[in-house]
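Chemist: heads up, no residue letters with this:
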């Protein structure tokens, strides 16, 4: 018995999405990830600067608070953007 070879399909045929739509989705989610990372980094940086100014060394109170607020805020905006579809 011989096995029949199936013709090679391009990825765009497999996923049923045109290439331009897939690249738009990649760009959208990559932009969300960069925005999330930048928001968290700014929150941590701001908290560290406030800890230096007010001499909180143990625990670094402002760093903890601002990093947590940045994570919550960035998650809120990502969920809001995803549900906006």
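Modeler: Sure, I can see it. Because the structure is a prediction, the values reported are computed rather than measured. Numbering: from 1, shown residues only.

Chemist: low-scoring stretches of this protein, by residue?
Modeler: Counting by pLDDT under 70, the ranges of the chain that qualify are 1-17, 56-57, 85.

Chemist: switch the cut-off to 90
Modeler: 1-29, 51-60, 81-82, 84-85 (pLDDT under 90).

Chemist: mind listing the helices for it?
Modeler: Per DSSP state H, the chain carries helices over the ranges 11-15, 19-54, 61-83.

Chemist: with mean neighbour count added, can I get the ones you listed in a markdown table?
Modeler: Backbone N, C-alpha and C define where each C-beta goes, glycine included. Shown next, in a markdown table, are those (neighbours: other C-beta atoms under 10 Å):
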| stretch | mean neighbour count |
| --- | --- |
| helix 11-15 | 10 |
| helix 19-54 | 14 |
| helix 61-83 | 15 |
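
Chemist: list the contacts for residue 70?
Modeler: 39, 40, 42, 43, 44 (C-beta atoms under 8 Å, 6 or more residues apart in numbering).

Chemist: now tabulate those residues in TSV and tack on distance to residue 74.
Modeler: Formatted as TSV, these follow (distance: C-beta to C-beta, whole Å):
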residue	distance to residue 74
39	4
40	6
42	10
43	8
44	12
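
Chemist: which one of those residues is nearest residue 52?
Modeler: Within those, the smallest distance to residue 52 is 12.8 Å, found for residue 44 (C-beta to C-beta).

Chemist: and residue 31, how close does it get to residue 76?
Modeler: 16 Å (C-beta to C-beta, to the nearest Å).
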